[in-house]
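J.: Got a predicted structure plus its sequence, pasted below:
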Amino acid sequence: MRILLIQPPKAPATIGGEDVHLYEPLALEYLAAGVGAEHEVQILDMRLDKDLRGTLEGFHPDIVGITAYTVHVNVVRHLFEEIKTWNPQVLTIVGGHHATVAAEDFILPFIDLIVIGEGVFTFREVVERFGKGQRFDGIPGIAIPSGSALVRTEPRPLGDLDALPFPDRSLTGLYRSHYYSEWMRPLASIRTSKGCPYRCNFCALWKLTGGRYLRRRPEKIVEELAGISEEFIFFADDESLIDTARMKTLAELIRSSGIRKRYFLYGRSDTIARSPELLELWRSVGLERVFVGFEFFRDQDLTLIHKGSTTADNERAARILTDLGLEVYASFIIRPEFTKEDFAAFRPYCEKLGLRFATFAVLTPLPGTDLYEEVKDRLITRNYDLVDFLHTLLPTKLPLKDFYAEYYGLYKRAIPFHKYWSILGKYPLKEIPSTLATSHRVLKRLQMAYRDYDNQPAADAH
């Protein structure tokens, strides 16, 4: 059979996304590897190639699967409608994060199946049964739309990550030179773990694994790394450093294998604060950049989101990384309740941490999170296109226009220009003009984001 897997693009109203970074569709590469060589599989990355109709006409798939985060829901609905209009006999399947936490949003006549949770083995079973003309009843981890309801099967138990096949990266060969994060280009992704033992109320990832932290054996990770051609590697984990003993073993195995890559990974500030020697070891085997969710500049705000770390952890982590010469990808959160004084207080905090790069996301109640359940009756929009962490979903204390003026100003002034310029020095010279132009365009969209709340298209959220 011919199977088409699609990575959807962002909606026009969505800010950011592929305009500022582009990671390979790792989930789809896993699915493709899992179905077996007897099937013909194609991956269409619509962030880079918008020609859905041309792909359908040229490939003639029997099955089409699309993955979706919350921000993609409306786009994915439209894609499936187009696919079913092209050929009603195509089996249409949706999976991914949003399908797992809010499957009801995909009860539509042009979606046949919803895959919930880790999809590799579920998808394989679906493909096998479809090829034999059999029903899907009893396959663990699916939901079948039936009228206005869902017929759910038993959840698929969490399995051993080492039982999964290596992702089939050959299917993204045409796109691979375009995957990047800032200057790290081309950038490959690898998953070494899944889940998180912490309980941040704005995050659903820990819920998807029942609070468990699932790990791959270091030997398997090194085996996969050896087959990746890209120099830059992003660890696409929910959190990479928590199991310090495992990460020490992995670094030592990478060193002994002779693999030379340049790494970018996630790390909590409290983990980094407790384990400077681990970061020093990783620097010696190629670590260049660490994504750190500092989140806030006040401990009471960190307590509010159940972060489990402190501003003292943040400051120590930033100092450790800077002293080691590791680039800090600092991620912060702003609350809709922020006043002008709150926005102003963020700037000296960034300076205190010695940052050269920072991003600021609005505290966003995503479906599936504890935060969403607490505030869902207060949402000012239910348009999934705006669930991009830059549009607020909750009422702001400041008038919306003033809130976005302050937000824009924070991005413009939080990091001194000379420090941003030092970051630009990491880019190839020819890429600097386009990088500056993109940054300017995205920031202008942010400044004008208050306009996006007028005359919105209807969109349901649960």
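T.: Right, received. Where do you want to start?
J.: ok now the one helix or strand residue 282 maps to, how far from the chain's centre?
T.: Here residue 282, judged by DSSP states H and E, is contained in helix 276-284. Helix 276-284 has its C-alpha centroid displaced from the chain centroid by 25 Å (CA atoms, centre = their mean, to the nearest Å).
J.: Then stretch 131-143?
T.: Centroid separation for stretch 131-143 versus its chain: 28 Å, with CA atoms, centre = their mean.
J.: cool, stretch 192-204 as well?
T.: Using CA atoms, centre = their mean, the offset of stretch 192-204 from its chain centre is 13 Å.
J.: so how far does it reach from one end to the other?
T.: For stretch 192-204, the first-to-last residue distance is 19 Å (CA to CA, to the nearest Å).
J.: For it, which residues meet the burial criterion?
T.: For stretch 192-204, burial by neighbour count (16 or more other CB atoms under 10 Å) applies to 192-196, 198, 200-204. Bear in mind the C-beta positions are built from the backbone N, C-alpha and C, glycine included.
J.: contacting residues for residue 447?
T.: By CB atoms under 8 Å, 6 or more residues apart in numbering, the residues touching residue 447 are 404-405, 407-408.
J.: Tell me the most packed of these, by neighbour count.
T.: Within the contacts of residue 447, residue 407 tops the neighbour count with 24 neighbours, counted by other CB atoms under 10 Å.
J.: Would you map the strands across the stretch 301-450 of the chain?
T.: Remark: strands assigned in the stretch 301-450 of the chain by DSSP state E, counting those that start in this stretch are 327-334, 358-362.
J.: mind checking how far residue 13 is from residue 368?
T.: 22 Å (CB to CB, to the nearest Å).
J.: oh sorry, the question was meant for residue 430
T.: 42 Å.
J.: Of those two, give the one with the bigger neighbour count.
T.: residue 368 (20 against 7).
J.: May I ask which two of the buried residues of stretch 192-204 are separated the most?
T.: Using CB to CB, those span at most 25.5 Å, a distance reached by 192 and 201.
J.: shaky segments in the stretch 101-250 of the chain?
T.: Applying pLDDT under 70 to the stretch 101-250 of the chain flags no residue at all.
J.: quick one, helices of it?
T.: According to DSSP state H, counting those that start in this stretch, the stretch 101-250 of the chain carries its helices in the segments 120-131, 205-208, 218-225, 244-257.
J.: Quick one: list the elements packing against the next helix or strand after the last one.
T.: To tie it back to what came earlier, the one meant is helix 244-257. As assigned by DSSP H and E, the chain's next helix or strand after helix 244-257 is strand 262-266. Secondary-structure packing of strand 262-266 (3 or more CB pairs under 8 Å, 6 or more residues apart in numbering; DSSP states H and E): strand 232-235, strand 287-295.
J.: What residues sit buried inside strand 262-266?
T.: For strand 262-266, using 16+ other CB under 10 Å, the buried residues are 263-266.
J.: next one: stretch 233-244
T.: Under 16+ other CB under 10 Å, the buried positions of stretch 233-244 are 233-243.
J.: cool, stretch 299-306 as well?
T.: For stretch 299-306, by 16+ other CB under 10 Å, it's 301-302, 304-305.
J.: Closest one of these to residue 107?
T.: Lowest distance from residue 107 to the buried residues of stretch 299-306 (CB to CB) belongs to residue 305, with 31.4 Å.
J.: In contact with that closest one, which residues?
T.: Here residue 305 is in contact with 200-202, 295-296, 333, 363, 371 (CB under 8 Å, 6+ apart).
J.: let's see it at 6 Å
T.: Residues in contact with residue 305, defined by CB atoms under 6 Å, 6 or more residues apart in numbering, are 200-202.
J.: do the same with residue 320
T.: 272, 276.
J.: Identify the residue spatially nearest to residue 66, adjacent ones excluded.
T.: Spatial nearest neighbour of residue 66, excluding adjacent residues (CB to CB, 6 or more residues apart in numbering): residue 6 at 4.5 Å.
J.: which residues touch whichever strand or helix holds the one you found?
T.: Taking DSSP H and E as the definition, one finds residue 6 inside strand 2-7. For strand 2-7, the external contacting residues (CB under 6 Å, 6+ apart) are 25, 28, 31, 39-45, 59, 61-66.
J.: Only C-alpha atoms, please: export stretch 288-298 in CSV.
T.: Output of stretch 288-298 as CSV, limited to C-alpha atoms (Å, rounded to 0.1, in the frame of the first residue of the first chain):
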residue,chain,number,x,y,z
GLU,A,288,27.1,23.9,22.5
ARG,A,289,23.7,25.0,23.5
VAL,A,290,21.2,24.3,26.3
PHE,A,291,17.5,25.2,26.3
VAL,A,292,16.6,26.3,29.8
GLY,A,293,13.0,27.1,31.0
PHE,A,294,13.8,29.8,33.5
GLU,A,295,10.1,30.8,33.2
PHE,A,296,9.9,33.7,35.6
PHE,A,297,12.0,36.3,37.6
ARG,A,298,10.0,35.8,40.8
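J.: Run the chain-centre distance for it.
T.: Distance, stretch centre to chain centre, for stretch 288-298: 16 Å (CA atoms, centre = their mean).
J.: which parts of it are buried?
T.: 288-297.
J.: just how off-centre is the longest helix along the chain within its chain?
T.: Ranked by number of residues, the top helix in the chain under DSSP state H is helix 432-447. Remark: helix 432-447 is offset 21 Å from the chain centroid, using CA atoms, centre = their mean.
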